[in-house]
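[1] 3D, please:
(chains A and B, ligands or ions: 2)
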Amino acid sequence: MTGDAAVRVRSVEKTFNLGKVGEVAAIRSVDLDVAPGEFVSLIGPSGCGKSTLLRLIADLIEPSSGTIEVFGKPAAQARLDQDYGMAFQRSGLFDWRKIAANIELPLELMGWTKEKRRQRSAEMLRLVKLDEFADHYPQQLSGGMQQRVAIARALSFKPQLLLMDEPFGALDEMTREHMQSELISIKTELDTTVVFVTHSIAEAAFMSDRVVVLSPRPGEIHEIIDVDLGTRVPDTREDPEFFKKATEIRESLRSVKAAE
Amino acid sequence: MNRLRHVAPPVIVGVVFFALWEGLVKALEIREFLLPPPSSIWTALIEQWGGVEGGTLGTVALRVAGRNTAGIAISGLVIGVLAGAWLALIITRFRRFGESLTPFAIAINATPIIALAPIFNAWFGITDVRSNQAVVIAVVFFPVFINTAKGLSQAHPNQIELMRSYGASEFTILRRVQIPTALPFFVTSLKIAAPFSVIAAIVAEYFGGPQSRLGPVITQNASFARYDVAWAAIVVASGIGLGLFALALAAEYLLMPWRRRS
Ligand SMILES: Nc1ncnc2c1ncn2[C@@H]1O[C@H](COP(=O)(O)OP(=O)(O)OP(=O)(O)O)[C@@H](O)[C@H]1O
Ligand SMILES: [Mg+2]
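    Residues are numbered from 1 along each chain as shown, chains lettered A, B, ... in the order given. Ligands and ions are numbered 1, 2, ... in the order given. Have a look, this model is predicted:
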């Protein structure tokens, strides 16, 4: 069963049981392989099961049928081994912890010494350009800064896999583009595999090696679009090839909605 | 300067309030049993503070009565708060058990607990401190229990999922996420419970028990038409209530550094 995929999803279905109200089929027969170092985006209409698929990979919920492996192990094992880092649309920072302590939380749970934790959080804060804010509380930072802290936290233990659910969704356009470039350079530096949920076509085109377009609920893979734009630089966003890819994704999304 | 701006308004309001009280009582010749002027309450407070311990009715030292009542209020408050917080943790940790308990908690909470004072007297004996303590504990317990239990369930789902993604155990999630989330709720309940504990202690004392407590001092002096002394005892009681409330504020400051205004 093992192979070299970072994430391997096989015939996965997820049906939520809502008790008396009935059942909701969120995901239907999904097969997906993500190669190590690859950046894969999930895009699709609202409610099609993108977050569900991500949470299945993270073993936060269990599939109704099918199997999921992360680095060749069952997803549950990968979770316990802390093989991945996670970030959500809402930063999910802990109000009662200072910025540095927020970033150090996963390290604390892994039993790192205080000294090593301090060192790493300082390094991460430099990475997201927030070194001066180590001793602030989250409420004292802007939304965009909080989001950067959440990303630093997800990266703090340098996981081989990052699972991100619309991490830039709440940011303004300029901050968002800046964060996109930042994430790409961090990812390249650490050679991280990324599975990334987004609503933004431009974001998917700019960031991804492959874009997975999902159909409306129950989500199925409608199409997988390869994106090869070489090394991403800010100017990539003005590259005709970038526009071609964005158009291709948009048309795929349209056809999926029309089919509904 | 900033400090002055915070302190000055309530001080001014207080001075004006007492001056008006004094002035109106004297100008309108309001009789003592309706409302004594602050000056006679103050005099009674000074005179009766030392009092004669164990004397006849109405000559119990306010200092002693205050100390005894404060003892009941504080011990009841501490036990009630600990019990409420502890049970809230238990029902959060063992949800099944909690769900079976909730209807009882709601039913008991709807009971006016003060009404139980005579029953507690029968259980523990009318002269036993535990009769009065039990009333305080019961009154303090519910706001703490209900608020804390609510706070423990308010953790953001993303934060809990994040902890799961780190492979954290239920216990770790409780300690690292749910308890800190519940702290503001807990502290709010402390601020409610602190003054309640004094009210409960005094009302419980009205139902009988040793004379050297504020409750009997108030009723006895009122029945002997010594209203200035009764009022002085009320001042002592409100002092205890204020003191406990100040402690609750201090707890808020110490427990939640991230909520401090800078
Ligand atoms: N815990 C749950 N219990 C019941 N139903 C759920 C649960 N989580 C998700 N669903 C349902 O599954 C479907 C897919 O939800 P999901 O959150 O995965 O969508 P999404 O693609 O992430 O949507 P969006 O783009 O709006 O975030 C929805 O119909 C939703 O109602
Ligand atoms: Mg979603």
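
[2] from now on I want contacts and neighbour counts done on CA atoms only, so please keep to that.
    Fine.

[3] just give the number of residues close to residue 27.
    In the absence of a named chain, chain A is used. Neighbours of A:Ile27 under the rule other C-alpha atoms under 10 Å in any protein chain shown: 27.

[4] chain B, not that one
    Close neighbours of B:Ala27, defined as other C-alpha under 10 Å, add up to 9.

[5] in chain B, which residue sits closest to chain A?
    Using C-alpha to the nearest C-alpha, the single residue of chain B nearest to chain A is B:Gly167, 4.6 Å away.

[6] what are the ranges of the strands in chain A?
    For chain A, strands defined by DSSP state E occupy the ranges A:7-17, A:23-34, A:39-43, A:65-70, A:73-74, A:84-87, A:161-165, A:193-197, A:210-214, A:221-226.

[7] A:Leu155 is nearest to which of those?
    Nearest to A:Leu155 among the strands of chain A is strand A:84-87 (6.3 Å), distances taken as C-alpha to C-alpha.

[8] quick one: is the closest one near chain B?
    Yes - residues of strand A:84-87 are located near chain B by C-alpha under 8 Å from any C-alpha of the partner chain, namely A:84-86.

[9] what does stretch A:224-243 contact?
    Stretch A:224-243 is contacted from outside by A:181, A:184, A:205-213, A:245, A:249, using C-alpha atoms under 8 Å, 6 or more residues apart in numbering or on different chains.

[10] ok, stretch A:33-46 next?
    Residues contacting stretch A:33-46 (C-alpha under 8 Å, 6+ apart): A:4-9, A:50, A:191-201, A:204, A:207-216, A:253, A:257.

[11] which secondary element of the chain has the worst mean pLDDT?
    No chain was given, so I picked chain A. helix A:173-190 (a mean of 86; mean pLDDT, DSSP states H and E).

[12] not quite, I wanted chain B
    In chain B, no helix or strand scores lower on mean pLDDT, DSSP H and E than helix B:95-110, which sits at a mean of 76.

[13] off-centre distance for that helix?
    What separates the centre of helix B:95-110 from the centre of its chain is 24 Å, taken as C-alpha atoms, centre = their mean, to the nearest Å.

[14] now it: buried residues?
    Judged by neighbour count using 16 or more other C-alpha atoms under 10 Å in any protein chain shown, the buried positions of helix B:95-110 are B:98, B:109.

[15] over to stretch A:182-198?
    Buried, per 16+ other C-alpha under 10 Å, within stretch A:182-198: A:183-184, A:187, A:191-198.

[16] ok, longest helix in chain B?
    If you go by DSSP state H, chain B has its longest helix at helix B:62-93.

[17] residues from chain A in reach of chain B?
    So chain A meets chain B at A:58-60, A:79-82, A:84-86, A:88, A:90, A:92-97, A:106, A:109, A:137 (C-alpha under 8 Å from any C-alpha).

[18] in helices, which of the residues you listed appear?
    Going by DSSP H, the helices hold A:79-80, A:106, A:109 from the residues of chain A next to chain B.

[19] between these, which is nearest chain B?
    Once C-alpha to the nearest C-alpha is applied, the member of these that ends up nearest chain B is A:Leu80, at 4.6 Å.

[20] which residue comes closest to that closest one once chain neighbours are left out?
    The spatial neighbour of A:Leu80 that comes closest, neighbours along the chain excluded (C-alpha to C-alpha, 6 or more residues apart in numbering or on different chains), is B:Gly167 at 4.6 Å.

[21] for A:Lys187, same thing?
    A:Thr193 (7.5 Å).

[22] for that neighbour, which residues make a bridge with it?
    When bridges are called by DSSP bridges, A:Thr193 pairs up with A:Leu161.

[23] show me the contacts for it.
    Contacts for A:Thr193 (C-alpha under 8 Å, 6+ apart) come out as A:6, A:34-39, A:160-162, A:187.

[24] thinking again about what came up before, top of the ones in helices among the residues of chain A next to chain B by neighbour count?
    Counting neighbours by other C-alpha under 10 Å, A:Pro106 leads these with 25 neighbours.

[25] okay, now the domains of the chain?
    In the absence of a named chain, this looks at chain A. A:7-83+A:160-258, A:90-158 (automatic domain parsing).

[26] other chain: chain B
    When chain B is cut into domains by automatic domain parsing, you get B:1-30, B:38-259.

[27] most packed of those domains?
    The highest mean neighbour count among the domains of chain B, using mean count of other C-alpha atoms under 10 Å in any protein chain shown, belongs to domain B:38-259: a mean of 19.

[28] now it, how far from the centre of its chain.
    That offset, for domain B:38-259, works out to 4 Å (C-alpha atoms, centre = their mean).

[29] now name the helix or strand holding the closest residue to B:Asn109 other than its chain neighbours.
    Distances taken as C-alpha to C-alpha, 6+ apart put B:Phe142 closest to B:Asn109, at 6.5 Å, once the chain neighbours are dropped. Using DSSP states H and E, B:Phe142 sits within helix B:129-152.

[30] quick revisit: and the pLDDT for the residue nearest to B:Asn109?
    At B:Phe142, the pLDDT value in this model is 89.

[31] return the residues of the stretch 101-250 of chain A in contact with ligand 1.
    Counting by C-alpha under 6 Å from any ligand atom, none of the residues of the stretch 101-250 of chain A come close to ligand 1.

[32] try 8 Å
    Counting by C-alpha under 8 Å from any ligand atom, the stretch 101-250 of chain A comes close to ligand 1 at A:165, A:197-199, A:217-219.

[33] out of those, who has the most neighbours?
    Top of these by neighbour count (other C-alpha under 10 Å): A:Val197, with 28 neighbours.

[34] was I right about it contacting A:Thr52?
    No - using C-alpha atoms under 8 Å, A:Val197 is not in contact with A:Thr52, being 10.3 Å away.

[35] give the rounded mean pLDDT of stretch A:80-97.
    The model assigns stretch A:80-97 a mean pLDDT of 89.

[36] okay, now the unreliable bits of the chain?
    Picking chain A for this. Under the criterion pLDDT under 70, the flagged ranges of chain A are A:1-3, A:258-260.

[37] meant chain B actually
    B:1-2, B:52-59, B:262.

[38] could you pull out the helices for chain B?
    B:2-27, B:38-50, B:62-93, B:95-110, B:117-124, B:129-152, B:157-165, B:170-173, B:179-206, B:214-223, B:227-255.

[39] so what does the fifth one touch, helix or strand wise?
    Helices and strands touching helix B:117-124, by 3 or more C-alpha pairs under 8 Å, 6 or more residues apart in numbering or on different chains; DSSP states H and E, are helix B:129-152.

[40] what's the angle from the helix it packs on to helix B:62-93?
    40 degrees (axes from the mean of the first three to the mean of the last three C-alpha atoms, to 10 degrees).

[41] residues contacting the residue in chain B that ligand 1 sits nearest to?
    Relative to ligand 1, the nearest point of chain B is B:Pro157 (10.3 Å; C-alpha to the nearest ligand atom). Not one residue lies near B:Pro157 by C-alpha under 8 Å, 6+ apart.
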